[in-house]
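J.: Structure for this input, please:
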Amino acid sequence: MSWESVIGLEVHVQLSTRSKIFSGSATAFGAEPNTQANAVDIALPGVLPVMNREAAVMAVKFGLAVNATVNQRSVFARKNYFYPDLPKGYQISQYEIPIVGPGYLDIEVDGEILRVGITRAHLEEDAGKSLHEDFHGMTGIDLNRAGTPLLEVVSEPDMRSAAQAVAYLRKMHTLVRYLGICDGNMQEGSFRCDANVSVRRAGDDRLGTRTELKNINSFRFVEKAINFEIERQVEVIEGGGSVVQETRLYDPDRDETRSMRGKEQAHDYRYFPDPDLPPLVIDDDFVEASRRAMPELPDAKRRRFVESYGLREADADMLVTDRPVADYFEAVCAATAADARTAANWVNGDVAAALNRDGIDMTAIPVPAEHVGRLLDRIADGTISGKIAKDVFSTMWSSGDDPDSIIESRGLKQISDAGAIEQIVDAVLADSAAQVEQYRAGNQKVVGFLVGQVMKRSEGKANPKQVNEILRRKLDA
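T.: Next comes the predicted model:
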């Protein structure tokens, strides 16, 4: 019998507030251990938490973006468990009444739209970090991260493949960066997820026993971990065993999941309302102010790029994945008379390739959008050819100079004078009698060779369109 996998994700979104959720400590990444943890963070006796208003603003924005219910009254609870990097012996989280209730996110996989339900999104504080690598035989505790605000987004078990799970995670990653509530840096742990995976016989409505794959921090590893776990569970059941409800870790070096600990139930955490924090109450004005501050979201931007700029769906998809890239594209369009499709080809092509080559993102690009726009104008008005434009762009990237000064200083202006091109063509034809005879005998392919010879003699400056026209006129004479 065939098997069906059932997958739900819990995504931990680290909110981009400057201070922690219940204290004034900084949240900047990379500080020396324990230099960003104050009396509240390390749970000294007598200290009291104070709610960070900006964390609530960010949570409400997210709720609005995923078409969710925003609960204008939510409650903080104590989630009790004992780890060395959890100073209080409990985590302040939300349980029965989270700030964001049911919503959904639409994803596209293999040309089909899947609506993934979002059960809830709740605010909570992060724990510290245990450091094992730098202490031989010991563990170091860094509490800088303790108290950093998180929004935990819990999906319904609506996904049926690792590919769908990755599509959902990517869509979520794009969304939180558009909203400006998270930097999305997976390497630094700002965006990570737990995957709940179970399998069942095809056609069976009952859910199988699930395992939780903990703290996976890359899209590739999410897909590999889920696929491995699906295969493992099927093998266990077909071998006569039973899947154990547990938390497992994914080992990317061995491409396998390993048992970490038994999976707790909600009652194991002994949730109860935090007596030090009153209910979080937000009014209509708060919600409306958050709504007005919302940016244009990726799906709306994609539709506008297709409808207003005439872009293909695939080009629009690439542009809107990253908000700074989409903004850069629009800035290029505003700076050029060239058509938007040409601008999209350059941003998705040469610009993206240079960013990938140098390992930087759009926020650090050394070439202003206005310079790219001017470069496209120089192609359109015949000042340079498309081939030379790529060389000019390379110089723009390394020098920061504008395209006009580069073209002028390097003498790159395209030769568009028909008489000058005709002289070069005549010289090439005189030196290529054999190829001319081949053409007149029906071999059309030699035209490419002859064009190449003309371009070589003109040092790439001859207008390619004129070269082709003059060559064919003379060959057909």
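
J.: low-scoring stretches of the stretch 351-477 of the chain, by residue?
T.: For the stretch 351-477 of the chain, applying pLDDT under 70 flags the ranges 416-417.

J.: quick one: contacts for the residue nearest to Asp391 when sequence neighbours are not counted?
T.: Nearest non-adjacent residue to Asp391, counting by C-beta to C-beta, 6 or more residues apart in numbering: Leu412, 7.5 Å away. For every residue, glycine as well, the C-beta is placed using N, CA and C. In this structure, Leu412 makes contact with 384, 388, 391-392, 406, 461, judged by C-beta atoms under 8 Å, 6 or more residues apart in numbering.

J.: Repeat that for Trp397.
T.: Here Trp397 is in contact with 354, 366-367 (C-beta under 8 Å, 6+ apart).

J.: Please narrow those to those residing in helices.
T.: Applying DSSP state H to these, the entries found in helices are Ala354.

J.: could you dump the contacts of Trp397 to TSV with distance to Arg206?
T.: What follows is those, written out as TSV (distance: C-beta to C-beta, whole Å):
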residue	distance to Arg206
Ala354	52
Pro366	57
Val367	57
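
J.: Which of the contacts of Trp397 has the largest number of neighbours?
T.: Among the contacts of Trp397, the one with the most neighbours (other C-beta atoms under 10 Å) is Val367, at 21 neighbours.

J.: And the contacts of Trp397, which is closest to Val454?
T.: Closest approach between those and Val454, by C-beta to C-beta: Ala354, at 29.8 Å.

J.: re the thing from before, now, which of the contacts of Trp397 sits nearest Asn38?
T.: For those, with Asn38 as the reference and C-beta to C-beta as the criterion, the closest is Pro366, at 39.1 Å.

J.: Give the full set of residues in contact with the closest one.
T.: 397, 400.

J.: One more pass at 10 Å, please.
T.: 354, 358, 360, 396-400 (C-beta atoms under 10 Å, 6 or more residues apart in numbering).

J.: how close does it get to Trp397?
T.: Separation of Pro366 from Trp397 (C-beta to C-beta, to the nearest Å): 6 Å.

J.: Weed out the non-buried ones from the contacts of Leu412.
T.: Buried by 16 or more other C-beta atoms under 10 Å: 384, 388, 392, 406, 461, out of the contacts of Leu412.

J.: What's the end-to-end length of stretch 238-251?
T.: Distance between the two ends of stretch 238-251: 24 Å, counting by C-alpha to C-alpha, to the nearest Å.

J.: Among the contacts of Pro366, which pair sits farthest apart?
T.: Within the contacts of Pro366, Ile360 and Ser399 form the most distant pair, 16.4 Å apart (C-beta to C-beta).

J.: Across the sheet, point out what pairs with Ile113.
T.: Glu108 (DSSP bridges).

J.: what's the burial count for it?
T.: Around Ile113 there are 8 residues (other C-beta under 10 Å).

J.: was I right about it contacting Tyr104?
T.: No. If you go by C-beta atoms under 10 Å, Ile113 and Tyr104 don't touch, sitting 11.3 Å apart.

J.: State the distance from Asn215 to Met186.
T.: Relative to Met186, and taking C-beta to C-beta, Asn215 is found at 11 Å.

J.: Those two: who's more crowded?
T.: Met186 (18 against 14).

J.: wait, isn't the more buried one in contact with Arg177?
T.: No. Counting by C-beta under 10 Å, Met186 does not reach Arg177; the two are 11.4 Å apart.

J.: okay but Ala338 is in contact with Ile379, surely?
T.: Yes. With contact defined as C-beta under 10 Å, Ala338 counts as touching Ile379 (7.2 Å).

J.: Now do the shared contacts for the two.
T.: By C-beta under 10 Å, 6+ apart, Ala338 and Ile379 have these common neighbours: Trp346.

J.: Quick one, grab the pLDDT at Gln187.
T.: You'll see Gln187 listed with a pLDDT of 89.

J.: I meant to write Leu151 there.
T.: Residue-level pLDDT assigned to Leu151 equals 98.

J.: So for it, what's the nearest residue that isn't a sequence neighbour?
T.: Using C-beta to C-beta, 6+ apart, the nearest residue to Leu151 is Val13, at 4.4 Å.

J.: Which of the three states applies to that neighbour?
T.: strand (DSSP: H, G, I helix; E, B strand; the rest coil).
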